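1. fold the following.
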Amino acid sequence: MVADVSEGCEVITADAGDRSGGLLGPQAVDGREHVSVTAPEPALGFSTLYDHWRGREKGNLFSYSLGSPSEHWSFYQMLGTPIVYMMWEIDFARWSWNDFPLYHTVYETFSAMAHLDPEFVYHQALGRLWAVLAQRLAQQPLLPIDVRDVEKPLRLGLDHIRRSYGQLMDRHNVSLGGLERAVQRYVTAAQRFHKKIISRTDYSDLELRQINDQMVGVERSFVDPNGLLVDEQNRNAVFGTDPDHEYNGVLFPDVVETLLQVSEQSEQPDLWQCVRRALAAAIFVVNGAAASLADPSHFVRPWPETEPDQTLTRN
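-> Here you go, the predicted structure:
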C-alpha cells in the first residue's frame, strides 16, 4: 500500500533514555500535555504520567528545539507536518552524564535494556502515551490542535534575535518591525480562528475537513520550497536545525544564521543583503500562516493595511 504522507495530520516518533522529555512542533503541545495528564502510570508509582514528569522536572517539559536527530526531520522540514518526538532522557538530578552513555554503541542491546528497565515499565509508559495520542488524533472529528500555541515559539524566536542582534541591526538600519507585525497578525488570526471554532459544535463533515485542513496547514505555511539560504536541504523558515549541531534546533534559522555570519563580517554588503532576504522569507511564511486561518470564502487579505509595510529598512 502506498500512502500519501503529505496528507498526514501529525507525525509521532519515540526514543529511549531515563527521563521524560519531548521535542515537538507548537501545535503538538496541547494534545501531548493533555494526554499525559490522563494517561495512567501505576507501574511507576504515580497516578498519571504527568505526575511522574512533574516529580522530576520543574521547568518546561517540552522543547521547540526540533533539530534533525531522527526521521521526523523530513516531515517538518520537507512537508511542514506537525510532529511529536517523545523520549525518556537521563534523570539529570541523579546522574551527571551529558547523554545516555550507551547511545548509538554496540552495547545498546536488549540485554542492556532488560538490566536498566527490567519490567520495561518506562518503555510501556512511552508506548501507552504514543498509543493514546495516536488514537486521539485518529478518532476525534475535530483535531486536538490549538493554533494559538504557535505564538510562543514565534515570540521566542523574535526575542532571541532582538536580544542577540538587535544593536547590530540598528547600526545597519535593518528593522525587525516587519517580522514583529507578521507575528502579531498571526496571533490575531489564531485568536479569531479559535474563537470561531469553539462557538459551535454542530459541524458538518465538510466543515470539519475544512477546519482540520486549516489547522494542519499552519505549519505547512512555514515551508519555503526554495530551501533556506544557509542550508538548501532544510526548508522550514521557522523551525530549523543548527548547522553546527544537528541535535539542536533554531527558531527562524535563516535569519539567525545570516545574522551570525554578518556579525563576524559586518562590513560586507552582500551579507546584509542575505539578512534582508532571510527576513523577507520569514515575514512571508508567517503572513502565509495567518492567511491560512482566514475564512476560505473570503478572497481578500485578512488584515487591513493603511500604509506600505516598511518591513526591512527604517527611513
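
2. now do the strands in the stretch 1-150 of the chain.
-> Secondary structure of the stretch 1-150 of the chain (DSSP state E, counting those that start in this stretch): strands located at 11-14, 20-24, 40-41, 46-48, 83-88.

3. in the strand or helix carrying A281, what counts as buried?
-> A281 is part of helix 269-292, with elements assigned from DSSP states H and E. Buried residues in helix 269-292, counting neighbours by 16 or more other CB atoms under 10 Å, are found at 271-272, 274-276, 278-279, 281-292. In this view, the C-beta of every residue, glycine as well, is placed from N, C-alpha and C.

4. ok, stretch 255-273 next?
-> Buried residues in stretch 255-273 (16+ other CB under 10 Å): 255-259, 261-262, 271-272.

5. among these, name the ones in helices.
-> Taking DSSP state H as the definition of helices, those contribute 255-259, 261-262, 271-272.

6. dump these to JSON lines, plus pLDDT.
-> Converted to JSON lines, those look like this (pLDDT from 0 to 100):
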{"residue": "V255", "pLDDT": "95"}
{"residue": "V256", "pLDDT": "94"}
{"residue": "E257", "pLDDT": "93"}
{"residue": "T258", "pLDDT": "93"}
{"residue": "L259", "pLDDT": "94"}
{"residue": "Q261", "pLDDT": "91"}
{"residue": "V262", "pLDDT": "91"}
{"residue": "L271", "pLDDT": "88"}
{"residue": "W272", "pLDDT": "91"}
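
7. tell me, please, the helix or strand in the protein that averages the lowest pLDDT.
-> strand 20-24 (a mean of 41; mean pLDDT, DSSP states H and E).

8. ok, back up a step: least reliable of the strands of the stretch 1-150 of the chain going by mean pLDDT?
-> Per-stretch mean pLDDT for those is lowest at strand 20-24 (a mean of 41).

9. so where's the stretch 51-200 of the chain uncertain?
-> For the stretch 51-200 of the chain, applying pLDDT under 70 flags the ranges 58, 69, 89-91, 97-99.

10. and if we set it to 50?
-> Of all residues in the stretch 51-200 of the chain, none has pLDDT under 50.

11. how is the protein divided into domains?
-> Domain segmentation of the chain under automatic domain parsing yields 5-139, 147-292.

12. quick one on the thing from earlier: and the furthest pair within the ones in helices among the buried residues of stretch 255-273?
-> Greatest spatial distance in these: V256 and W272, 14.8 Å, computed using CB to CB.

13. returning to that earlier point: CA atoms only: put the helix holding A281 into PDB for me.
-> Taking C-alpha atoms only, helix 269-292 is exported to PDB below (Å, rounded to 0.1, in the frame of the first residue of the first chain):
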ATOM      1  CA  PRO A 269      27.200  44.500   1.900                       C
ATOM      2  CA  ASP A 270      26.400  41.200   0.300                       C
ATOM      3  CA  LEU A 271      25.900  39.500   3.700                       C
ATOM      4  CA  TRP A 272      23.500  42.200   4.800                       C
ATOM      5  CA  GLN A 273      21.500  41.600   1.600                       C
ATOM      6  CA  CYS A 274      21.300  38.000   2.700                       C
ATOM      7  CA  VAL A 275      19.900  39.100   6.100                       C
ATOM      8  CA  ARG A 276      17.200  41.200   4.400                       C
ATOM      9  CA  ARG A 277      16.300  38.300   2.100                       C
ATOM     10  CA  ALA A 278      16.100  35.900   5.100                       C
ATOM     11  CA  LEU A 279      13.900  38.400   7.000                       C
ATOM     12  CA  ALA A 280      11.600  38.800   3.900                       C
ATOM     13  CA  ALA A 281      11.200  35.000   3.700                       C
ATOM     14  CA  ALA A 282      10.400  34.700   7.400                       C
ATOM     15  CA  ILE A 283       7.800  37.500   7.100                       C
ATOM     16  CA  PHE A 284       6.300  35.900   4.100                       C
ATOM     17  CA  VAL A 285       5.800  32.500   5.700                       C
ATOM     18  CA  VAL A 286       4.400  33.900   8.900                       C
ATOM     19  CA  ASN A 287       2.000  36.100   7.000                       C
ATOM     20  CA  GLY A 288       1.000  33.000   5.000                       C
ATOM     21  CA  ALA A 289       0.300  31.100   8.200                       C
ATOM     22  CA  ALA A 290      -2.000  33.900   9.300                       C
ATOM     23  CA  ALA A 291      -3.800  34.000   5.900                       C
ATOM     24  CA  SER A 292      -4.300  30.200   6.100                       C
END
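
14. I'm done for today, thanks for sticking with me.
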